[in-house]
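1. Sequence plus predicted model, see below.
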Amino acid sequence: MKPSKENLLWMYEAMVQARHYEETMARAYMEGKSPKFDIGSGPVPGEMHLAAGQEPCAAGVCAHLRPTDTVTATHRPHHAAIAKGVDLNRMTAEIFGKATGLGGGRGGHMHLFDPDVHFSCSGIIGESCGPAVGAALAAQMQKRDDVAVAYLGDGAANQGAFHEALNLAAIWNLPVIFVVEDNSYGISVPKSASTAIAHNSDRAGAYGMAGEYVADNDVLGVFAAAGKAVKRAREGKGPSLIEVETYRYFGHFQGDPELYRPKGEVEALKAKDPIARLREHILKEGAHDEAALDAALATAHDAVDAAFAFARQSPDAAPKDALSAVFV
Amino acid sequence: MSNRILTISAAMSEAIAQEMRADPSVFVMGEDIGAYGGIFGATTGLLDEFGAERIRDTPISETAFIGASVGAAMSGMRPIAELMFVDFFGVCMDAIYNLAAKNTYFSGGACPVPMVLMMAGGGGYSDGAQHSQTLYATFAHMPGLKVVTPSNAHDAKGMMIAAIRDDNPVVFMFHKGLQGLGWMASVEGAATKVPEEAYTLPFGEVAVRRTGADVSIVALGLMVHRAIEAAEILQKEGIDAEIIDLRTLVPLDRDGVFRSVKKTGRMVVVDEDYTSYGVTAEVIASVVERDISVLKAAPKRVAYPDIPIPYARPMEQMALPNAVNIAEAARAAFTSKG
């Protein structure tokens, strides 16, 4: 499946928006954290997991989704949230702990919920899988042709939750797509030390579902694989597993000294950056010209900058509001 | 008022059936809840009426189907998931306390999780330490879960319907020894008159099972029946016990407990769950931190000792709260000057 001109422009814009978001967040996160790094200080406290480099996994899959489809993401959720259309202002405000945030500041960056576009995530490794199966089950029972996508990392693919969810999705023929973002590391442990096979997508066969590995962080490859999987799911032909070889430019969390990482690895990855490659592809194909791509980039950056401004200007969460919303 | 008597298991399956007829978003999933009808009878007969799509047998993979219940509940369905034995929660606790219990809060109330998680608790039949626990307090301790535990069939039906209609996750804990199963002794008082029509019981309201003037015995689940037996012993000695059935641990009717203790001046709290850090301490604290002066004597607790549940009958029966040691505690409270 080849992307249309519109698909290409949309994916480019989603990717540059996600990249600009992560780079802006990386700077905002460091505010107030020097000279002594203190994880709990500054305008963005707590852990921060950034996904710069992993944009193809978000854009290539979400290009096929509509607002009524469900996405459950991981503790590294921003690129997927952006591609799924989560309210950028309220997401950013949530991460800044503001009253205007998606959860009024109760969730934070690993716990983003936007019911308008059926997006949620979890800070627990592997726990994106069960809820996506449930969303797919709901769609099947309600006779909607919506699908659900569960994102997880290559580290999470060794969790029981992943294997149980695959089995359940397969026996019930559910419209769910499991997308493993293989960024080579489970925190600090390389995939080669945690996983006995090269590609988690090979595990699909053990559950009787289709599996596909997309090499080299290639957004066009992700788009093609996801297109087939989403079509299969919408037509009632069951679940799929896609593993994407992707790149993580930042550490596991901001402040991670990355002692586990070979020197020069990130520089080598950046030399084949997926956004630059997509731009080159679009121009080469003649799908859009430089001006159109620049305009898309400017629009995307403006939206991010506006979201950070909105978050900074929003009122802090009121202490007493901590005591509400346990039950509805 | 209908005069028919139902067991708790029959009352539960009737409640589920009525809600499934009324609301197509209600469905059940769990292990052996289909053709088997639920190991503890809570879904008996439902497969025939509703079919395998809505009475959905799962593989033995609690993490997946309880996680899926969370996702389905957030997508417009009202799942009822059966964990079978509460003792099994260890394999799926993450889906319960990190997803079901917290998503509402994380989302500031925008994403409620209207699911029921039903599970059997209780011992007394030599099933050993991995199949006999009650563990009410573990769930009640985690914010975001409502926890209910009926002591009779009338309550079971009304509380099940209320749980299904509740927009929050509700842990519905039933006691195996109250279910009225064909293969396990059941307490007679658990089978009660149950109205035919659908009705709800509000959560967070104790029931006074017996009025009395001298000592309040606060209990839940099977222990309500043990407390009633104890009250009969005490009556012969001229001690008039009031029995308070908590019915729900979250929300907890602290006012209802306080009202009774204020009247009697003495309290005994009975729990089949472990003694330390549990229901007994919570209930006592809710009285003494409000007004310790209402107590004429030190409060007493009768609960499971802090040991894994033994298999051999003499050991297990010694460890379980019973009418004799509940009466003993009440007597001690009655004669103590505090």
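-> Cool, the structure landed. Numbering: from 1, shown residues only, chains lettered A, B, ... in the order given.

2. Report the separation between the residue sitting nearest the centre point of chain B and residue B:329.
-> Closest to where the C-alpha atoms of chain B average out (C-alpha atoms, centre = their mean) is residue B:149, at 1.7 Å. For residue B:149, the distance to residue B:329 equals 21 Å [C-beta to C-beta, to the nearest Å]. For every residue, glycine as well, the C-beta is placed using N, CA and C.

3. next SSE after the helix or strand residue B:243 falls within?
-> Using DSSP states H and E, residue B:243 falls within strand B:241-245. Downstream of strand B:241-245, the first helix or strand assigned by DSSP H and E is strand B:248-250.

4. What is the neighbour count of the spatially closest residue to residue A:7 that is not a sequence neighbour?
-> Distances taken as C-beta to C-beta, 6 or more residues apart in numbering or on different chains place residue A:63 nearest to residue A:7, at 5.4 Å, with adjacent residues excluded. Neighbour count of residue A:63, defined by other C-beta atoms under 10 Å in any protein chain shown: 22.

5. One more: residue B:262?
-> Residue B:262: 15 surrounding residues under other C-beta under 10 Å.

6. model confidence over stretch B:307-319, on average?
-> The predicted model assigns stretch B:307-319 a mean pLDDT of 97.

7. make that stretch B:238-251, sorry
-> 98.

8. is that stretch anywhere near chain A?
-> No: Stretch B:238-251 is not in contact with chain A by C-beta under 8 Å from any C-beta of the partner chain; minimum separation 8.8 Å.

9. just stretch B:126-142 next, same as before
-> No: against chain A, stretch B:126-142 shows no contacts by C-beta under 8 Å from any C-beta, the least distance being 10.5 Å.

10. next one: stretch B:20-33
-> Yes: using C-beta under 8 Å from any C-beta, stretch B:20-33 comes into contact with chain A via B:25, B:27.

11. Just the CA coordinates for that stretch, please, in CSV.
-> Output in CSV follows, covering the C-alpha atoms of stretch B:20-33 (Å, rounded to 0.1, in the frame of the first residue of the first chain):
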residue,chain,number,x,y,z
MET,B,20,-28.3,-7.8,30.4
ARG,B,21,-31.9,-7.8,29.1
ALA,B,22,-32.2,-4.1,29.9
ASP,B,23,-28.8,-3.0,28.6
PRO,B,24,-27.1,-4.5,25.6
SER,B,25,-23.7,-3.1,26.8
VAL,B,26,-23.7,-5.5,29.8
PHE,B,27,-21.7,-8.7,29.2
VAL,B,28,-19.8,-11.2,31.3
MET,B,29,-16.4,-12.6,30.7
GLY,B,30,-14.2,-14.9,32.8
GLU,B,31,-13.1,-18.5,33.3
ASP,B,32,-15.8,-21.1,33.1
ILE,B,33,-18.7,-18.7,33.2
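
12. Now residue A:194: closest residue in space that isn't a chain neighbour?
-> That would be residue A:186: by C-beta to C-beta, 6+ apart, it lies 5.3 Å from residue A:194.

13. what's the answer for residue A:310, then?
-> That would be residue A:89: by C-beta to C-beta, 6+ apart, it lies 4.2 Å from residue A:310.

14. which ones are touching the one you found?
-> A:100, A:306, A:307, A:310, A:311 (C-beta atoms under 8 Å, 6 or more residues apart in numbering or on different chains).

15. Roughly how far does the last one sit from chain B?
-> Yep, that's residue A:311 we're talking about. 15 Å (C-beta to the nearest C-beta, to the nearest Å).

16. Doesn't that residue belong to a helix?
-> Yes: counting by DSSP: H, G, I helix; E, B strand; the rest coil, residue A:311 is found in a helix.

17. and the residue nearest to the centre of chain B, backbone torsions?
-> phi -150, psi 100 (degrees, to the nearest 10).

18. surely it meets residue B:249?
-> Yes: counting by C-beta atoms under 8 Å, residue B:249 is a contact partner of residue B:149 at 7.0 Å.

19. Overlap of the contact sets of the two?
-> Common neighbours of residue B:149 and residue B:249 (criterion: C-beta under 8 Å, 6+ apart): B:136, B:220.

20. residues near residue A:208, how many?
-> A count of neighbours around residue A:208, defined by other C-beta under 10 Å, yields 13.

21. For it, which non-adjacent residue is closest in space?
-> Excluding its sequence neighbours, the residue lying closest to residue A:208 (C-beta to C-beta, 6+ apart) is residue A:170, at 5.0 Å.

22. Secondary structure class of that neighbour, three-state.
-> helix.

23. Show the contacting residues for it.
-> Contacts of residue A:170 (C-beta under 8 Å, 6+ apart): A:207, A:208, A:209, A:238, A:239.

24. Next up, the contacts around the closest residue to chain B within the stretch 51-200 of chain A.
-> Proximity of the stretch 51-200 of chain A to chain B (C-beta to the nearest C-beta) peaks at residue A:130, 1.6 Å away. Counting by C-beta under 8 Å, 6+ apart, residue A:130 touches A:161, A:164-165, B:63-68, B:70-71, B:95, B:99.

25. Show me where chain B dips below the pLDDT cut-off.
-> For chain B, residues meeting the criterion pLDDT under 70 lie at B:1, B:337-338.

26. What about the residue of it found nearest chain A, how many residues nearby?
-> Residue nearest to chain A within chain B (C-beta to the nearest C-beta): residue B:67, separated by 1.6 Å. Counted with other C-beta under 10 Å, residues neighbouring residue B:67 total 35.

27. Now the element after the helix or strand where it lies, going C-ward?
-> Using DSSP H and E, residue B:67 maps to helix B:62-73. Next along the chain after helix B:62-73, taking DSSP H and E as the criterion, comes strand B:78-85.

28. Note down every partner strand of that next one and its orientation.
-> Partner strands for strand B:78-85, per DSSP bridges, with pairing direction: strand B:26-30 (parallel), strand B:116-121 (parallel).

29. Tabulate those in JSON lines, adding columns for mean neighbour count.
-> Shown next, in JSON lines, are the strands paired with strand B:78-85 (neighbours: other C-beta atoms under 10 Å in any protein chain shown):
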{"stretch": "strand B:26-30", "mean neighbour count": "24"}
{"stretch": "strand B:116-121", "mean neighbour count": "26"}
